[in-house]
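>>> A structural model of the following input is requested.
(2 chains, ligands or ions: 2)
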Amino acid sequence: MSKNIMVIGEFDNDQISETTTELLSGATKLSAGGSVSIVLLGTSSDLIASQAFAAGAHKAYISSSGDYDAFLADKWVNAVNDAITKENPDLVLLEQSSIGRDLGPRLAFKLDTGVAMDCVSIEDDDGHFKATRPCFGGNARAVYSFEASPAIATIRAKSFEIMQGDTGTGDIVQIQDTSVSKVTITNREVFTIEGLSLTDAPIVLCGGRGLGGPEGFDMIQALAEAIGTDKAALGSSRAACDLGWFPVANQVGLTGKVVNPDLYIGIAVSGASQHMAGCSGSKTIVAINKDPDANMFKASRWGIVGDYKEVVPALIDAINAK
Amino acid sequence: MHFVVCAKQILDPDTPPSAFKIDEAKNEVIPAPGIAPVLSQFDGIAAEAALRIKEKIGDVKITVISLGKGSAQAAIKQVLAMGADEGLLLEDDAFENGDHYTTALVLSEAIKKLGDVDAVFCGRQAADWDMGQVGLGISQLLDIPCAIIGKNVDVSDNKMTVERVLLDGIETVEMALPAVVTVSNELGEPRYPKLQQIMQAAKKTVTKWNLDDLENLNKTDVGEAGRKLKLEKLFIPDNDSDVEFIEGENAQEKANNLVAKLREAKIL
Ligand SMILES: Cc1cc2nc3c(=O)[nH]c(=O)nc-3n(C[C@H](O)[C@H](O)[C@H](O)COP(=O)(O)OP(=O)(O)OC[C@H]3O[C@@H](n4cnc5c(N)ncnc54)[C@H](O)[C@@H]3O)c2cc1C
Ligand SMILES: Nc1ncnc2c1ncn2[C@@H]1O[C@H](COP(=O)(O)O)[C@@H](O)[C@H]1O
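Ligands and ions are numbered 1, 2, ... in the order given. Predicted coordinates for the structure are as follows:
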């Protein structure tokens, strides 16, 4: 049965976000020939709408008002609500991003419906949506069905494969919202990422509490330089971030970033489920740990048991030796 | 002023994966033998945030609320021992088998009934289901502002200031009271109660409300009847890969062997 699916879009200046493109592909598949719409809020939303049409959307609910350029969740929720009221979708998809985390539950409670957060897949099971999401710190998966409509889900990056859209055009509908936010943003600092970002890097080298101090990360940085800083980026466990050894923006895991690189090397990281929740999708996992029973080894393809202070410099030499 | 801290008792999230078991017929986690339930980590941090503000501005009453079976009293007692003033347990068979929607609904009605609440402190997510929606739900149902994932929270001049952790930055927001905040571990460690405080908390009586005490709610609003999400299945994913330990006489040999394997697999 065909379905009507709405995606809440995100974009950065003039470029639709990769995850939003993934959501449009996923929505196209799930719609089974039904309709796919997108909501775009902020100055360049009309420009982004054409990118969304190319990626599979048939209709865009937009407002180009600059009032949406800063994300104010309580204002956005009213704008999205206007689009939902007009479109009456069966399913609303959001990114599991700083925006989606904030907006998804607000929408659900405004519309008296349910939201499944941080989903890794959505299926149409005989006309009913089923959402699968990790829980219990990554130890388990839960599958939910929805007992109210619309179904709402926030989706983890890289959960849907990007398919070629039908590069068509679509209808643009203007959103009506005159609400005023009750929240004022007084300061905003965006971390500037030097070079490769953690979520884009094909190789992630992640350090943990077992490094014993921030200088351990210097050693890992040297390994990244040997591999090539165009390929390798540094991550950290929460324990190391909490100790102030490495910036929080690089935390990998349930409450940090989710990475799916080709190669993930965990160095002096125990591999707690909440950490693995952020890296278990990596194509190849390697662990370096002095404890052969460390949980990280269980998810790894290869492992070296040893002191990282010896293993990491040896790896640098091995790479440089060619 | 009157602050509310929402606290949930959960199975210990530090249970080793080997001891983590699921009853697939019941879709429930089987509590690991010998590992006691705990106060959800972020809720201790929410209490810490509220207590720091109380210490700074004085004249604040902190009520800790938990929805759950009688065992949730332990979570309440722990926050009382940290320094909260009053405890409130929301317990009724009718609340069972609900979801995050019904949890937020019952909590918001209890907060309404308290009447004079200026600020609500929640954890960013309960460390069992990792959902992260109850704090936002309470704010939406009470129609008051909310800021999520706070690393610093302050209250003064009838407004709340929250420094928020974003995936790629930090943001500071201000909102008029009453307001809801959800807090994250970046705020810092929760205080550890002293023995004397634990003993005092043990003696404090915890108020109990059931469905009848929440006049606006009916049986059909809560628990299984009111839920919007149904848990169809709970399972342990199979993600064990057979690890190959790299052999070698010393670290250098092991490193050489690993690099050779990675090159062979065209990963490096
Ligand atoms: C709700 C919740 C959310 C969480 N979210 C996250 C998250 O997003 N990300 C995250 O990472 N964690 C998260 N955690 C924390 C998680 O449970 C672990 O506590 C944390 O990941 C442990 O970090 P670690 O592996 O660096 O430290 P530890 O567990 O202390 O492990 C250190 C490891 O280093 C090894 N080691 C020590 N010295 C050496 C040496 N010289 N050479 C080699 N190896 C050595 C040890 O054998 C050990 O295995 C969360 C927890 C909860 C409850
Ligand atoms: N049963 C409950 N009783 C009291 N507070 C709760 C309960 N469930 C959730 N909360 C609060 O809401 C936060 C977010 O929970 P959740 O949406 O379940 O991830 C928790 O950190 C608590 O502060």
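>>> quick one, phi/psi of residue B:214?
phi -100, psi 90 (degrees, to the nearest 10).
>>> Just the helices from the chain, written as ranges.
This is for chain A. A:18-31, A:45-54, A:73-87, A:98-110, A:215-227, A:238-242, A:273-276, A:295-298, A:308-321 (DSSP state H).
>>> actually chain B
Using DSSP H, helices in chain B cover B:41-57, B:73-82, B:100-114, B:134-142, B:195-203, B:223-226, B:251-264.
>>> Kindly tell me how buried residue 78 is, as a neighbour count.
Picking chain A for this. 17 (other Cβ atoms under 10 Å in any protein chain shown). From N, CA and C alone the C-beta is placed, and that goes for glycine too.
>>> try chain B instead
22.
>>> any idea how far it is from ligand 1?
According to Cβ to the nearest ligand atom, to the nearest Å, residue B:78 and ligand 1 sit 16 Å apart.
>>> try residue B:156
Taken as Cβ to the nearest ligand atom, the span from residue B:156 to ligand 1 is 30 Å.
>>> Can I get stretch B:76-92 as PDB, trimmed to CA atoms?
Extracted in PDB, the C-alpha atoms of stretch B:76-92 (Å, rounded to 0.1, in the frame of the first residue of the first chain):
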ATOM      1  CA  ILE B  76      14.000   9.000  45.200                       C
ATOM      2  CA  LYS B  77      16.000   8.200  48.400                       C
ATOM      3  CA  GLN B  78      19.300   8.600  46.600                       C
ATOM      4  CA  VAL B  79      18.400  12.100  45.400                       C
ATOM      5  CA  LEU B  80      17.000  13.000  48.800                       C
ATOM      6  CA  ALA B  81      20.400  11.900  50.300                       C
ATOM      7  CA  MET B  82      22.100  14.200  47.800                       C
ATOM      8  CA  GLY B  83      20.200  17.000  49.300                       C
ATOM      9  CA  ALA B  84      16.700  17.200  47.800                       C
ATOM     10  CA  ASP B  85      13.900  18.100  50.200                       C
ATOM     11  CA  GLU B  86      10.900  16.000  49.300                       C
ATOM     12  CA  GLY B  87      10.100  12.800  47.500                       C
ATOM     13  CA  LEU B  88       7.100  11.900  45.400                       C
ATOM     14  CA  LEU B  89       6.400   8.400  44.000                       C
ATOM     15  CA  LEU B  90       3.800   8.000  41.200                       C
ATOM     16  CA  GLU B  91       2.700   4.400  41.400                       C
ATOM     17  CA  ASP B  92      -0.400   2.600  40.100                       C
END
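>>> what's the offset of it from the middle of its chain?
14 Å (Cα atoms, centre = their mean, to the nearest Å).
>>> which parts of it are buried?
B:76-84, B:86-92 (16 or more other Cβ atoms under 10 Å in any protein chain shown).
>>> cool, and stretch B:33-53?
B:37-53.
>>> domain assignment for chain B?
B:2-226, B:239-268 (automatic domain parsing).
>>> Residue A:9 reaches residue A:16, doesn't it?
Yes. Counting by Cβ atoms under 8 Å, residue A:16 is a contact partner of residue A:9 at 6.6 Å.
>>> More neighbours: the two, which one.
residue A:9 (32 against 24).
>>> need the contact list for that one.
A:16-17, A:20, A:23, A:38-40, A:48, A:52 (Cβ atoms under 8 Å, 6 or more residues apart in numbering or on different chains).
>>> Tell me the residue of chain B that sits nearest chain A?
residue B:228 (3.0 Å; Cβ to the nearest Cβ).
>>> Could you measure from the closest residue to that residue other than its chain neighbours over to residue A:283?
Nearest non-adjacent residue to residue B:228, counting by Cβ to Cβ, 6 or more residues apart in numbering or on different chains: residue A:114, 3.0 Å away. Going from residue A:114 to residue A:283 by Cβ to Cβ, to the nearest Å gives 33 Å.
>>> Which one's more surrounded, the two?
residue A:114 (27 against 13).
>>> Can you report how many residues lie near the residue of chain B closest to chain A?
24.
>>> residues in contact with whichever residue of the stretch 51-200 of chain A sits closest to ligand 1?
Residue nearest to ligand 1 within the stretch 51-200 of chain A: residue A:137 (5.8 Å; Cβ to the nearest ligand atom). By Cβ under 8 Å, 6+ apart, residue A:137 lies in contact with A:254, A:272-274, A:277, B:13, B:127, B:130.
>>> farthest pair in the residues you listed?
A:272 and B:130 (13.4 Å; Cβ to Cβ).
>>> and the gap between the spatially most central residue of chain B and residue A:260?
The centre of chain B sits closest to residue B:126, judged by Cα atoms, centre = their mean, with a distance of 3.3 Å. Relative to residue A:260, residue B:126 is positioned 26 Å away (Cβ to Cβ).
>>> can you count the residues close to residue B:209?
18.
>>> Grab the nearest non-local neighbour of it.
residue B:90 (5.5 Å).
>>> How about residue A:272?
In space, residue A:272 is closest to residue A:295, 6.7 Å off (Cβ to Cβ, 6+ apart).
>>> For stretch A:181-196, the averaged confidence score.
Stretch A:181-196 carries an average pLDDT of 90.
>>> let me redo that: stretch A:104-120
98.
>>> In the chain, where is pLDDT below threshold?
As the question left the chain open, I've gone with chain A. Counting by pLDDT under 70, chain A shows low-confidence ranges at A:165-167, A:322.
>>> wrong one, I was asking about chain B
B:239-240.
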